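Enquirer: Coordinates for the following, if possible.
(2 chains)
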Amino acid sequence: MKGIIVAMPQTEATMKKQTSAAPDSAVSVRNVSKNYGTVEALKNLSLEFPRGQLTSLLGPSGCGKTTLLKIIAGLLQPTSGRIEVNGAEVEGPGPDRAFVFQDFALLPWASVIRNVAFGLELRGVAKSERESIAERYIRDVGLTGFEHSYPHELSGGMRQRVGLARALSVDAQVLLLDEPFSAVDEQTRRKFQEDLLSLVKHENKTFIFVTHSIEEAVYVSDQIAILLPRPSRVSEIIRPTGFRHKDVDSIRRDPEYLDIVDQIWASLRSYVE
Amino acid sequence: MQNRPLILKLLSAAIVFGAWEIAGRIPVSYAFPTFLETMEALVRMTLDGSIFQAYAETLKPLVLGVAISAFLGITLGLWIGLSSWFDWLFSPIFVVMQAAPLAALIPILVMAYGIGLTSKIFVVCIMAMPVIVLNTSSAVRNTPASMKEMAHSFLAKDRDVLLKIILPAASPIIFSGLRLGISAGFIGAILSELKITPTGVGDIITYSRSIADYPSMYAAIFSIILLAVVFLNLLEKLENYLFEGNNRGYASD
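Expert: The predicted model follows:
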């Protein structure tokens, strides 16, 4: 993702952040419940997602994080309640949201460039135009030279870069990431997390990020919503402030970072069998 | 598999044909000619044109039957795979068709459709279609859910999901069904010529056997196998051309 890390003075980035961090929500979840038969997956859940920021949904497995994300994406219908994106109610998938899948969901029969351009292809963008857009994002995620490779020829980390480039290329306001780094190795994962921070900083988009890693959530988030299971509800919202604009290398040594990680673990530990 | 060296292919052919030649020379049976005698008969039939006349007859039910089976079979298979109601309605027919002892059914077909082309096409279809339908429907049913979900999240219409996700994802199994179905269709075409009326290649086989001209009989059988192999290879080329990345498994493997 070399292309995305633009050298930008720290102060300027901070100012930009402060002006865009107005209490304005890109996505609102209002009293959403979801039942599977008699099982209550989500119960009366409400949550606001501030514009231009990254919000993590964090919780033990089975707490309905992915269900909530798919409801926001319009892939699942809530049993009751509503979702608003920029004030408009969500009825199904829309051009204002793009999804990054845990298992990448790439088309094995299509080359990298066709996979990246697939969202645009479905929107009826002409081939030459969508390929030039796709090429730009392939460069941004650092996959130049692999345009005509097939997914089976790429490593897990590279496949997820393709998935990310596909989501970026449709230029949606809201990016939904469903445990995007859980299927890649630890080193790749760290690199991804750093890249994600600079994406949030430089792309004016709202990110909703599902993860089960406490460290990952604290490292990348402007806001962390802790979900507790059966039925799922938001138990706590944490907004790390002190280290958000620090250098990527010093975040993990910041006392506030360590405190928040401990605090979250303390509240989650009783739910882990 | 694609770039299996030519030398290996030649070697395996040499071993098979060598064994045939030796078995013919022993001889294992007086009704079993050597490889060279068979090839001689094949060359003779090619030169006097009789093999081409035979194929002009045999290819009619074969090509029509295979084309109908492929088209109808894939269409029906898609439908069955997409709708559980269609599955309930049609799947049993093809399961029964696949298990039916065809040779025993041929007299009924002849009574219903006579001894002409129609009955022969039916025989080819009964042989070829079930496996095409059943493979297609199970492939469609097993399309990875995450790929369909991905397409929906990027605003795919139902038509896009069918043409750009379900069909390509199902293509390896559809093509393997086509391969099996077409080989069965070749068997059906010859079977119909042996069982209904001796025409074309079936006539050469029946006639040569009756006058104990075994080399010609085996040459006819050899030629039909050769044709089937060539045809299946072309089909594989088509598949690789259409869905190149499918060649080596799924990205999520």
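Enquirer: Compute the distance between the closest residue to chain B within chain A and residue A:51, please.
Expert: As assessed by C-beta to the nearest C-beta, chain B sits closest to residue A:151 within chain A, at 3.3 Å. The C-beta positions use only the backbone N, C-alpha and C, and glycine is treated the same way. Distance of residue A:151 to residue A:51, given as C-beta to C-beta, to the nearest Å: 33 Å.
Enquirer: The two: which has the busier surroundings?
Expert: More neighbours surround residue A:151 than the other of residue A:151 and residue A:51, with 25 against 19 (other C-beta atoms under 10 Å in any protein chain shown).
Enquirer: so what's residue A:209 bridging to?
Expert: Note on residue A:209: beta-bridge partners residue A:56, residue A:177, judged by DSSP bridges.
Enquirer: correct me, but it touches residue A:222?
Expert: No - with contact defined as C-beta atoms under 8 Å, residue A:209 does not reach residue A:222; the gap is 10.2 Å.
Enquirer: any residues in contact with both of those two?
Expert: A:54-55 (C-beta atoms under 8 Å, 6 or more residues apart in numbering or on different chains).
Enquirer: before we move on, the earlier item: could you pull up the residues touching the residue of chain A closest to chain B?
Expert: Here residue A:151 is in contact with A:104, A:106-108, A:110, A:112, A:115, A:159, A:162, B:245, B:251 (C-beta under 8 Å, 6+ apart).
Enquirer: do residue A:135 as well
Expert: Remark: with contacts taken as C-beta under 8 Å, 6+ apart, residue A:135 is in contact with A:113, A:147.
Enquirer: Confirm residue A:28 sits in a helix?
Expert: No - according to DSSP: H, G, I helix; E, B strand; the rest coil, residue A:28 belongs to no helix; its state is strand.
Enquirer: Could you tell me how many residues sit around it?
Expert: By the criterion of other C-beta under 10 Å, residue A:28 has 18 neighbours.
Enquirer: low-confidence ranges in chain A?
Expert: Within chain A, the segments meeting pLDDT under 70 span A:1-23, A:273.
Enquirer: Could you pull out the helices in it for me?
Expert: Ranges of helices within chain A are A:10-20, A:65-73, A:112-116, A:118-122, A:127-140, A:156-169, A:186-202, A:214-220, A:255-268, based on DSSP state H.
Enquirer: thinking residue B:239 is in contact with residue B:171, fair?
Expert: Yes - counting by C-beta under 8 Å, residue B:171 is a contact partner of residue B:239 at 6.9 Å.
Enquirer: hey, which helix or strand in chain B has the poorest pLDDT?
Expert: One helix or strand of chain B scores below all others by mean pLDDT, DSSP states H and E: helix B:102-113, with a mean of 87.
Enquirer: Check which element follows it along the chain.
Expert: Sequence order places helix B:117-141 as the next helix or strand after helix B:102-113, per DSSP states H and E.
Enquirer: Tell me the buried residues in that following helix?
Expert: B:117, B:119-140 (16 or more other C-beta atoms under 10 Å in any protein chain shown).
Enquirer: what's it packed up against?
Expert: Using 3 or more C-beta pairs under 8 Å, 6 or more residues apart in numbering or on different chains; DSSP states H and E, the elements in contact with helix B:117-141 are helix B:50-82, helix B:84-99, helix B:102-113, helix B:167-195.
Enquirer: Output the ones you listed in JSON lines, with mean neighbour count and distance to chain A appended to each entry.
Expert: Below are these laid out as JSON lines (neighbours: other C-beta atoms under 10 Å in any protein chain shown; distance: least, C-beta to the nearest C-beta, whole Å):
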{"stretch": "helix B:50-82", "mean neighbour count": "20", "distance to chain A": "17"}
{"stretch": "helix B:84-99", "mean neighbour count": "14", "distance to chain A": "19"}
{"stretch": "helix B:102-113", "mean neighbour count": "14", "distance to chain A": "36"}
{"stretch": "helix B:167-195", "mean neighbour count": "22", "distance to chain A": "5"}
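Enquirer: which residues sit in contact with residue A:71?
Expert: Residues in contact with residue A:71, defined by C-beta under 8 Å, 6+ apart, are A:29, A:32, A:34, A:42, A:77-78, A:83.
Enquirer: re earlier: pick the most buried one from the helices of chain A.
Expert: A comparison of those by mean neighbour count, using mean count of other C-beta atoms under 10 Å in any protein chain shown, puts helix A:112-116 on top with a mean of 26.
Enquirer: How far off centre is it?
Expert: Mean-position distance between helix A:112-116 and its chain equals 20 Å (C-alpha atoms, centre = their mean, to the nearest Å).
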